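Asker: what's the 3D shape of this:
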Amino acid sequence: MDPLIAKPAREVVALLKSGQVTPDQLIDAAEARIEAVDTKLNALPTLCTGRARDAARNLTPTGRDGAGARGWLAGLPIAVKDLSNVAGVRTTFGSPIFADHVPEASDITVEILERNGALVIAKSNTPEFGAGANTFNPVFGATLNPWNLDLTCGGSSGGAAVAVATGQVWLATGSDLGGSLRTPASFCSVVGLRPSPGRVARTTANPFDTLGVQGPMARDVRDTALLLDAMAGRHPGDVLSLNDAPAPFLEAAEAPKLPKKVAFSADLGFLPVDPEIAGICRRAAQKLAAEGVEVEEISPDFMGAGETFQTLRAAAFAGRHADLMRSHADKFKPEIIWNTEKGLALSAGEIAKAEAARGALIARVAEFLRHYDLLICPAAPVPPFDVTQRYVE
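Answerer: Down below sits the predicted model:
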């Protein structure tokens, strides 16, 4: 393995900016690593290294000597989840309906990343339309957990997590509606962050939807902060997108401060959780207590959260998939059909009730967090499960 592969992304970016390495060297290193390991894992089924090399030649130099390149990432190769369009690159959404789809324009998130010096070298595998916590689809098949090839890597940003964990790329994008960045990161022992809605601008058919967001994935917290800096920012194409934060996220991550008071919950008060996972997370919270942080085992009131989410997700699925399903019903997996049909059967009263319940939940959590700096809980209620099992029942 090329020694560059093992370095943190922020160190590699520093080498790029100082001129000690070139984007082409990094593309070579990543390409060799992908060739060496991905035939067993299936994390990055679509490569676009030629496009990345062309983009590298167009990076704007900085400094009088021409060393380095513009933006947060300065010519660093990354992977983009196969739910995001990348201009000129096969983008399937994990669906046979779009198996040969090659978009002419990139999504907003990709546009911003490339403006900030990212070089897209691959598309990462995802479940069909990003639905599910196990990454498999009829176009590319299943992505396997690098720690145990018999197990799932999680989903729906499973290809991203595997690619990052195995050093195929330093950074990868993902998306998250119900755990799609957090679950695969947990299953593969990397870091996935679901940002607040609007922090990362995105292309979406429903610009006012805040259930799904785009976010970063990396091997550690500081690299995750670096990618968030490169992804964040206002864009006229996303009406909910936010202005830049007052200071860079990497700057904050480089100077961490212990919280004063932390809430810990192994099950958020209503979920079944594997005892081993509960124990691991409890011991992690106890490490904070050993550093003098006040840790209390307590949770906000999540009463009705499961039903509320099921309703709002079903309504969102109906909006996204109903029209396409009418003409391609045989090309959708059963889980999407079920969720979409549930959404179409909802009454206006049921949707309104769920929206009101979500608002009440937000108010309860906001009040709770007036008294605690953090709420710590497991990223997933189960460990990685058999890759042949479609989902946790």
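
Asker: starting at the chain centroid, how far to stretch 216-236?
Answerer: 10 Å (CA atoms, centre = their mean, to the nearest Å).

Asker: can you start the count at 217 instead of 1 from here on
Answerer: Sounds good: first residue 217 from here, last item stretch 432-452.

Asker: put the alpha carbons of that stretch into PDB.
Answerer: Taking C-alpha atoms only, stretch 432-452 is exported to PDB below (Å, rounded to 0.1, in the frame of the first residue of the first chain):
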ATOM      1  CA  PRO A 432     -19.300  13.800   5.100                       C
ATOM      2  CA  MET A 433     -17.600  10.500   6.000                       C
ATOM      3  CA  ALA A 434     -13.900  10.000   7.000                       C
ATOM      4  CA  ARG A 435     -11.600   7.900   9.100                       C
ATOM      5  CA  ASP A 436     -11.600  10.300  12.100                       C
ATOM      6  CA  VAL A 437     -13.400  13.400  13.400                       C
ATOM      7  CA  ARG A 438     -10.900  16.000  12.200                       C
ATOM      8  CA  ASP A 439     -11.000  14.600   8.600                       C
ATOM      9  CA  THR A 440     -14.800  14.600   8.800                       C
ATOM     10  CA  ALA A 441     -14.700  18.200   9.800                       C
ATOM     11  CA  LEU A 442     -12.400  19.000   6.800                       C
ATOM     12  CA  LEU A 443     -14.900  17.400   4.400                       C
ATOM     13  CA  LEU A 444     -17.800  19.300   6.000                       C
ATOM     14  CA  ASP A 445     -15.900  22.500   5.400                       C
ATOM     15  CA  ALA A 446     -15.600  21.600   1.800                       C
ATOM     16  CA  MET A 447     -19.200  20.600   1.400                       C
ATOM     17  CA  ALA A 448     -20.900  23.400   3.400                       C
ATOM     18  CA  GLY A 449     -22.000  26.800   2.000                       C
ATOM     19  CA  ARG A 450     -24.900  28.600   0.600                       C
ATOM     20  CA  HIS A 451     -26.100  27.900  -3.000                       C
ATOM     21  CA  PRO A 452     -29.000  29.600  -4.800                       C
END
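
Asker: may I see the buried residues of that stretch?
Answerer: 432-435, 438-449, 451 (16 or more other CB atoms under 10 Å). All C-beta atoms are positioned from the backbone trio N, CA, C, and that covers glycine.

Asker: tell me how far Gly383 lies from Val437.
Answerer: 18 Å (CB to CB, to the nearest Å).

Asker: what's the spacing between Ala421 and Pro411?
Answerer: Separation of Ala421 from Pro411 (CB to CB) stands at 20 Å.

Asker: tell me where the stretch 367-516 of the chain has strands.
Answerer: Assigned strands in the stretch 367-516 of the chain, in chain order: 387-392, 407-408, 429-434, 477-480, 510-513 (criterion: DSSP state E, counting those that start in this stretch).

Asker: how about those strands in a markdown table, adding mean pLDDT and distance to Leu242?
Answerer: Formatted as a markdown table, those follow (pLDDT from 0 to 100; distance: least, CB to CB, whole Å):
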| stretch | mean pLDDT | distance to Leu242 |
| --- | --- | --- |
| strand 387-392 | 98 | 11 |
| strand 407-408 | 98 | 21 |
| strand 429-434 | 98 | 15 |
| strand 477-480 | 98 | 38 |
| strand 510-513 | 98 | 41 |
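
Asker: and those as JSON lines, adding distance to Ala595?
Answerer: Formatted as JSON lines, the strands of the stretch 367-516 of the chain follow (distance: least, CB to CB, whole Å):
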{"stretch": "strand 387-392", "distance to Ala595": "11"}
{"stretch": "strand 407-408", "distance to Ala595": "8"}
{"stretch": "strand 429-434", "distance to Ala595": "12"}
{"stretch": "strand 477-480", "distance to Ala595": "14"}
{"stretch": "strand 510-513", "distance to Ala595": "18"}
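
Asker: picking that back up, more neighbours, Ala421 and Pro411?
Answerer: Pro411 (18 against 7; other CB atoms under 10 Å).

Asker: residues in contact with the more buried one?
Answerer: Val429, Gln430, Gly431, Pro432, Leu444, Ala448 (CB atoms under 8 Å, 6 or more residues apart in numbering).

Asker: with respect to Lys473, which of those is nearest?
Answerer: Taking CB to CB as the measure, Lys473 lies nearest Leu444 of the contacts of Pro411, at 18.2 Å.

Asker: for the stretch 317-466 of the chain, what spans make up the helices?
Answerer: Applying DSSP state H, counting those that start in this stretch to the stretch 317-466 of the chain gives helices spanning 324-331, 374-381, 398-404, 437-447, 465-470.

Asker: just the C-alpha atoms of the third one, please, in CSV.
Answerer: Extracted as CSV, the C-alpha positions of helix 398-404 are listed here (Å, rounded to 0.1, in the frame of the first residue of the first chain):
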residue,chain,number,x,y,z
ARG,A,398,-24.2,6.9,10.8
THR,A,399,-25.0,3.2,10.6
PRO,A,400,-22.4,2.2,7.9
ALA,A,401,-19.8,4.4,9.7
SER,A,402,-20.6,2.5,12.9
PHE,A,403,-20.5,-0.9,11.1
CYS,A,404,-17.1,-0.1,9.5
